[in-house]
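*Asks:* return atomic coordinates for the entry below.
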Amino acid sequence: MRERYDTLQALRGAACLLVVAFHLGGEEARLGLGFNPLKPVRWFGYAGVDLFFVLSGFIIAATTRADLGQPGRFPSYLFRRAWRVYPIYWVALAAAVAVHAVLSPDPVLGPAPAREATDTLLLLPTPGQPRFLAVSWTLTYELMFYLAVGGLFLLPARAAVPAVGAWAGLVAVWSVAVGAAPADPYLALPVSPFVLEFLAGFLLARFPVRLAGRGAVALGLAAAGWCVAALAVAHDPDPDRLVNDPARRVAVFGPAAALAVLAATGWERGGGRCGLRWLRRVGDASYSVYLLHVTGLVVGLYLSIRAGMTHGKAGHVLWLGLMFAAAVGPGVLLHRYVEAPLLRLGRRRPAAPPPTAVPTPPARRAA
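*Replies:* Residues are numbered from 1 along each chain as shown. Sure, this is the predicted structure:
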């Protein structure tokens, strides 16, 4: 299977911009204005994370299919995944801690600094939301899923799909029969409804399809229709209620995200080409933008207050543009000058030693 789909990069870009708009909409709501252009986004913008989860499941399955059932490839896989997640996360975390130290009245060191530092640096499961880089909770799920896929390297390749199906069944039964997550955060992760989104992406990659344009459009419309209908059924006057209810949230946005990924990859496998180059570039930088956008919003909000910006209609539109630039710009720069070089460095392989020359035995003379 192909390791890169342009349509998936475009979807990553769209998911990233959705999350940025959601958090910017939250900052807009704090102003208490009567003119709130981003108010509708607060009911669905966070679904960019659900789309990210399906995309992650698809990409991991597509890029490891040939490795499953081969334990010897597990160390290399583990290094690649850790190198992809941790170094750039630590850079973004350092920036977030620095901004917190300067702008927040709360002290940097909490009541249990050693434990918090360990959990934060290693992205270990914690009961509450991370304090400095709130969006990093999703990375804990990513790492858990990467480790689970790594476990498939130790099984026969034919066991991958049955194992994934059994995991999905366990999560579904737990969500219906029990509902509440276990108190222990380590036990809560593998039975979270979010796991179903990763597994949906994984299975889509294991059973690839080719779609003509009409089929892809039909699936895209089905994804949009599911979202609209499910949001109407699950609508709540409080936009923060659904975002904090994983089971209902996954039911609303998970199928739509899976259909969108199926439509995009099926269309590209069928010969379609994605021409949204700018959105693909946002997708390339999406990890860095995702990590830094909340920190950028905090700094942008502080500077806008210090500058005395007003919020009439024209002034507020200007404020939204500047805040959006503050959210996206640092991540784009981080991707270009830090993330991309780090990824190139991680892909380097030591040159293989030249083969040892074997001397040719002298020819025997005929008797």
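
*Asks:* where does pLDDT dip in the stretch 201-350 of the chain?
*Replies:* Applying pLDDT under 70 to the predicted model, the residue ranges of the stretch 201-350 of the chain that meet it are 349-350.

*Asks:* can you map out the helices along it?
*Replies:* Chain-ordered helices for the stretch 201-350 of the chain, with DSSP state H, counting those that start in this stretch as the definition, fall at 213-233, 239-243, 246-269, 277-284, 286-306, 313-334, 340-347.

*Asks:* give me the element the residue sitting nearest the centre point of the chain is part of.
*Replies:* Closest to where the C-alpha atoms of the chain average out (CA atoms, centre = their mean) is F52, at 4.0 Å. F52 belongs to helix 47-64 when elements are defined using DSSP states H and E.

*Asks:* please apply the same query to C16.
*Replies:* Counting by DSSP H and E, C16 is part of helix 6-30.

*Asks:* now do that helix and helix 313-334, the angle between them.
*Replies:* Relative orientation of helix 6-30 versus helix 313-334 (axes from the mean of the first three to the mean of the last three CA atoms, to 10 degrees): 130 degrees.

*Asks:* so which bits of helix 6-30 are buried?
*Replies:* With burial defined by 16 or more other CB atoms under 10 Å, the residues of helix 6-30 counted as buried are 6-28. Every C-beta, even on glycine, is put in place using the N, C-alpha and C of the backbone.

*Asks:* repeat that for stretch 223-235.
*Replies:* Neighbour-count burial for stretch 223-235, with 16+ other CB under 10 Å as criterion, is recorded at 223, 226-227, 230-231, 234.

*Asks:* ditto for stretch 131-142
*Replies:* Residues 131-133, 135-142 are the ones in stretch 131-142 that count as buried (16+ other CB under 10 Å).

*Asks:* then stretch 76-94?
*Replies:* Of all the residues in stretch 76-94, those buried under the rule 16+ other CB under 10 Å are 77, 80-81, 84-89, 91-93.

*Asks:* just those: which are in helices?
*Replies:* With helices defined by DSSP state H, the entries of the buried residues of stretch 76-94 inside them are 77, 80-81, 84-89, 91-93.

*Asks:* for the stretch 51-200 of the chain, which segments are assigned as helices?
*Replies:* Secondary structure of the stretch 51-200 of the chain (DSSP H, counting those that start in this stretch): helices located at 74-103, 113-122, 137-151, 160-177, 185-188, 194-206.

*Asks:* what sits up against the third one?
*Replies:* The list of residues contacting helix 137-151 from outside it, by CB atoms under 8 Å, 6 or more residues apart in numbering, reads 49, 52-53, 56-57, 60-61, 64, 74, 77-78, 81, 85, 89, 123-125, 129-130, 167, 189-190, 192, 194-195, 198, 202.

*Asks:* buried subset of those?
*Replies:* When neighbours are counted using 16+ other CB under 10 Å, the contacts of helix 137-151 contain these buried positions: 49, 52-53, 56-57, 60-61, 64, 77, 81, 85, 89, 123, 125, 130, 167, 189-190, 192, 194-195, 198, 202.

*Asks:* can you list the buried residues of stretch 131-142 in a markdown table and add distance to L303 and pLDDT?
*Replies:* Formatted as a markdown table, the buried residues of stretch 131-142 follow (distance: CB to CB, whole Å; pLDDT from 0 to 100):
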| residue | distance to L303 | pLDDT |
| --- | --- | --- |
| R131 | 23 | 92 |
| F132 | 20 | 95 |
| L133 | 20 | 95 |
| V135 | 21 | 96 |
| S136 | 24 | 96 |
| W137 | 27 | 96 |
| T138 | 27 | 97 |
| L139 | 28 | 97 |
| T140 | 31 | 97 |
| Y141 | 33 | 97 |
| E142 | 32 | 97 |
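
*Asks:* brilliant, that's me finished.
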